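Student: Output the structure for:
(2 chains)
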There are 2 protein chains.
Amino acid sequence: MVLEEGRAATKITPAAALGSTSATEKLLQMHEENHFTAGEVVRDVIMGVSDGLTVPFALAAGLSGTSAPSSLILTAGLAEVAAGAISMGLGGYLAAKSEADHYMRELKREQEEIITVPDTEAAEIAEILSQYGLQPHEYTPIVNSLRKNPQAWLEFMMKFELGLEKPEPRRALQSALTIALAYIMGGIVPLLPYVFITTAEKAMLTSICVTLVALLIFGYMKGHFTGNRPLLSAVQTAFIGALASAAAYAMAKAVQGA
Amino acid sequence: MVLEEGRAATKITPAAALGSTSATEKLLQMHEENHFTAGEVVRDVIMGVSDGLTVPFALAAGLSGTSAPSSLILTAGLAEVAAGAISMGLGGYLAAKSEADHYMRELKREQEEIITVPDTEAAEIAEILSQYGLQPHEYTPIVNSLRKNPQAWLEFMMKFELGLEKPEPRRALQSALTIALAYIMGGIVPLLPYVFITTAEKAMLTSICVTLVALLIFGYMKGHFTGNRPLLSAVQTAFIGALASAAAYAMAKAVQGA
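Tutor: I've put the predicted structure just below:
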């Protein structure tokens, strides 16, 4: 992560305190950029495209094993995309919203506890730090310093006691739209052949080819963005799609045969 | 969270260091149980049931607006449940696995850095603590102490620098099975009426009633478990189901009319 200018400037204090030179400063800044993890938007896109490519594809392939015509399979597939996009999108919205609410509730609770039971909260700082083999004479100055600075104390407890990060304000809406659009974009790919090919079986074969290629490409990119081996990720993603469509096909055959 | 006996015993040190009595000790223990957050299993169940109740329901309702007979709607619905359970279950498996891999990679990287660039890593401890307004004379003892204890240093960096928690070893498999089973259980509810009622429209009306009740109950429980207002959660969950099925219905009508 690249630091903002403001934070980079304040960083000179701690490093200087440990007697480091400006070369170490640079080292510290270069170093921070290495810990790359997939951002939340990337995670939402992956979730949406992943299910969008897989489920409507599998449903359409499954129905191709029945007597249903291409047009009905397309109808079912697009109805699934509409339902799935709304369910996953709004579900993501509520999840992000509920996470933000949870953060605010815990923040308020910690704030109250710092005022009403400061000794208990101070003991908690000591408890957290003692888990790392630190001794009372080492962490007591920190406990005392935080007690004098309630805002920093609150932030310390939120992060280190509860492990909660402050959520971005517009995160929920952004997450909902990202997941829904990604699901729709993923879902359209396997359904396109059913638009142009009227024989269900031929449409299914084209859909399988197109979607497997799409799953391989998407899996490769997913691996690249999440820091996993791209080729393994490509194979795994395509495998899930193949397994899901085989299951849907078998299920449709079984129900029709019953 | 209830502490294990072992950890509860070691807790006497920090609290005692701050001059607290056994009464404060008890306060600390009682206090910890208050910060309840939904466990990972609960989150998986919620995710599975939520989509399982919504998407197959909406798909079936959508197809009821077409000329498709009850048996084909049931086929499509069950094929969707099979595909969705596999896609979400295996998707959840890969996500948990990738998270665990990410943790192990970062652990190894931190371990190497503690050995190869200890000064940089020590400067990072200082940087983390200085963000809470702590002064060099307050945190330097901690930096020095962690440098003498590489294992604690590593754990400190994983939690405080990277914010990563050690994943449970069998988490991925457990997550996959939980999500898949929850999706199947959720998905069966709205499809049952199509098993017993051969007229698609009548089956749909029964399915809507049954599923709305199920969504309200599930939403209420979800609100209870995640610490949100249960009644609001019930209404929100049912609303998503209604919206998804309306969208699927409109989509199916539009495609059939085209």
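Student: Surely residue A:155 touches residue B:129?
Tutor: No: checked against CB atoms under 8 Å, the pair residue A:155 and residue B:129 is beyond contact range at 11.9 Å. C-beta coordinates here come from the backbone N, C-alpha and C atoms, glycine included.
Student: out of the two, which sits in the busier spot?
Tutor: More crowded of residue A:155 and residue B:129, by other CB atoms under 10 Å in any protein chain shown: residue B:129, with 22 against 18.
Student: Report the contact partners of the more buried one.
Tutor: Taking CB atoms under 8 Å, 6 or more residues apart in numbering or on different chains as the criterion, residue B:129 is in contact with A:14, A:142, B:138-139, B:142.
Student: Please apply the same query to residue A:248.
Tutor: A:58-59, A:61-63, B:79-80, B:82-83.
Student: Please spell out which residues along stretch A:116-136 are buried.
Tutor: The neighbour-count check on stretch A:116-136 (16 or more other CB atoms under 10 Å in any protein chain shown) flags A:117, A:119-134 as buried.
Student: picking that back up, and the contacts of residue A:248, which is closest to residue B:230?
Tutor: residue B:80 (28.8 Å; CB to CB).
Student: Next, the angle from the one helix or strand the closest one maps to to helix A:70-116.
Tutor: Element membership of residue B:80, judged by DSSP states H and E, is helix B:70-116. Using axes from the mean of the first three to the mean of the last three CA atoms, to 10 degrees, the inter-axis angle of helix B:70-116 relative to helix A:70-116 is 50 degrees.
Student: Moving C-terminal from helix B:70-116, which element do we reach first?
Tutor: Helix B:70-116 is succeeded, C-terminally, by helix B:118-130 (DSSP H and E).
Student: For that following helix, the averaged confidence score.
Tutor: Across helix B:118-130, the average pLDDT comes to 88.
Student: what about the helix holding residue B:80, distance to the chain center?
Tutor: Relative to the centre of its chain, helix B:70-116 is centred 12 Å away, using CA atoms, centre = their mean, to the nearest Å.
Student: Show me what that helix is packed up against.
Tutor: Secondary-structure packing of helix B:70-116 (3 or more CB pairs under 8 Å, 6 or more residues apart in numbering or on different chains; DSSP states H and E): helix A:40-64, helix A:70-116, helix A:230-257, helix B:40-64, helix B:118-130, helix B:150-156, helix B:171-196, helix B:200-226.
Student: on that earlier part again, buried members of the contacts of residue A:248 into ChimeraX, please.
Tutor: Per 16+ other CB under 10 Å, the buried members of the contacts of residue A:248 correspond to this ChimeraX selection:
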select /A:58,59,61,62,63 /B:79,80,82,83
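Student: Can I get the contacts of residue A:248 in CSV including pLDDT and distance to residue A:233?
Tutor: Conversion of those to CSV gives the following (pLDDT from 0 to 100; distance: CB to CB, whole Å):
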residue, pLDDT, distance to residue A:233
A:58, 94, 19
A:59, 94, 24
A:61, 92, 22
A:62, 92, 25
A:63, 92, 29
B:79, 95, 26
B:80, 95, 25
B:82, 95, 24
B:83, 95, 20
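Student: center of chain A, which residue is that?
Tutor: Geometric centre of chain A, nearest residue: residue A:43, 3.6 Å, by CA atoms, centre = their mean.
Student: and residue A:132, how far is that from chain B?
Tutor: 4 Å (CB to the nearest CB, to the nearest Å).
Student: could you point out where chain A is predicted with low confidence?
Tutor: Where chain A drops to pLDDT under 70, the residues are A:1-38, A:258.
Student: what sits against residue A:208?
Tutor: By CB under 8 Å, 6+ apart, residue A:208 lies in contact with A:61, A:245.
Student: ok, now how distant is it from residue A:64?
Tutor: In this view, residue A:208 and residue A:64 are 9 Å apart by CB to CB, to the nearest Å.
Student: quick one: secondary structure of residue A:134?
Tutor: coil (DSSP: H, G, I helix; E, B strand; the rest coil).
Student: And for it, nearest residue in space, chain neighbours not counted?
Tutor: Spatial nearest neighbour of residue A:134, excluding adjacent residues (CB to CB, 6 or more residues apart in numbering or on different chains): residue B:145 at 5.5 Å.
Student: Residue A:157 contacts residue A:123, correct?
Tutor: No: Residue A:157 lies out of contact with residue A:123 (CB under 8 Å); the separation is 11.8 Å.
Student: hey, what's in contact with both of those two?
Tutor: Joint contacts of residue A:157 and residue A:123 (CB under 8 Å, 6+ apart) do not exist.
Student: how about the residue lying closest to residue A:41 once chain neighbours are set aside, what does it touch?
Tutor: Distances taken as CB to CB, 6+ apart put residue A:178 closest to residue A:41, at 5.9 Å, once the chain neighbours are dropped. Residue A:178 makes contact with A:41, A:44-45, A:48, A:92, according to CB under 8 Å, 6+ apart.
Student: right, and residue A:97 touches residue A:174 too?
Tutor: No: Residue A:97 is beyond contact range of residue A:174, at 11.7 Å (criterion: CB under 8 Å).
Student: one step back: what distance do you get for the residue nearest to the centre of chain A to chain B?
Tutor: Distance from residue A:43 to chain B, by CB to the nearest CB: 9 Å.
Student: From residue A:178, how far out is that residue?
Tutor: Residue A:43 is 9 Å from residue A:178, where distance means CB to CB.
Student: now do residue A:146
Tutor: For residue A:146, the distance to residue A:178 - CB to CB - is 37 Å.
Student: Same check on residue A:107?
Tutor: From residue A:107 over to residue A:178 the distance is 26 Å, taken as CB to CB.
Student: what's around residue A:151, how many residues?
Tutor: With neighbours defined by other CB under 10 Å, the count for residue A:151 comes to 12.
Student: Would you mind measuring from it to residue A:244?
Tutor: 50 Å.
Student: for residue A:124, same thing?
Tutor: For residue A:124, the distance to residue A:244 - CB to CB - is 46 Å.
Student: how about the residue located most distally from the centre of chain A, what does it touch?
Tutor: For chain A, the C-alpha lying farthest from the average C-alpha position belongs to residue A:137; by CA atoms, centre = their mean, that distance is 40.9 Å. If a contact means CB under 8 Å, 6+ apart, then residue A:137 has residue B:141 as its contacts.
Student: in what helix or strand does it lie?
Tutor: Per DSSP H and E: helix A:136-147 holds residue A:137.
Student: Identify each buried residue in that helix, please.
Tutor: For helix A:136-147, a neighbour-count test (16+ other CB under 10 Å) marks A:138-143, A:145-147 as buried.
Student: export the residues you listed to TSV and tack on distance to residue A:204?
Tutor: TSV is the format used below for the buried residues of helix A:136-147 (distance: CB to CB, whole Å):
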residue	distance to residue A:204
A:138	67
A:139	65
A:140	70
A:141	70
A:142	65
A:143	67
A:145	67
A:146	64
A:147	68
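Student: Please identify which two of those residues are farthest apart in space.
Tutor: The most distant members of those, if one measures by CB to CB, are A:138 and A:147, lying 16.4 Å apart.
Student: Run a quick neighbour tally on residue A:166.
Tutor: Residues near residue A:166, counting by other CB under 10 Å, number 12.
Student: Tell me who's in contact with it.
Tutor: For residue A:166, the contacting residues are A:103, A:158, by CB under 8 Å, 6+ apart.
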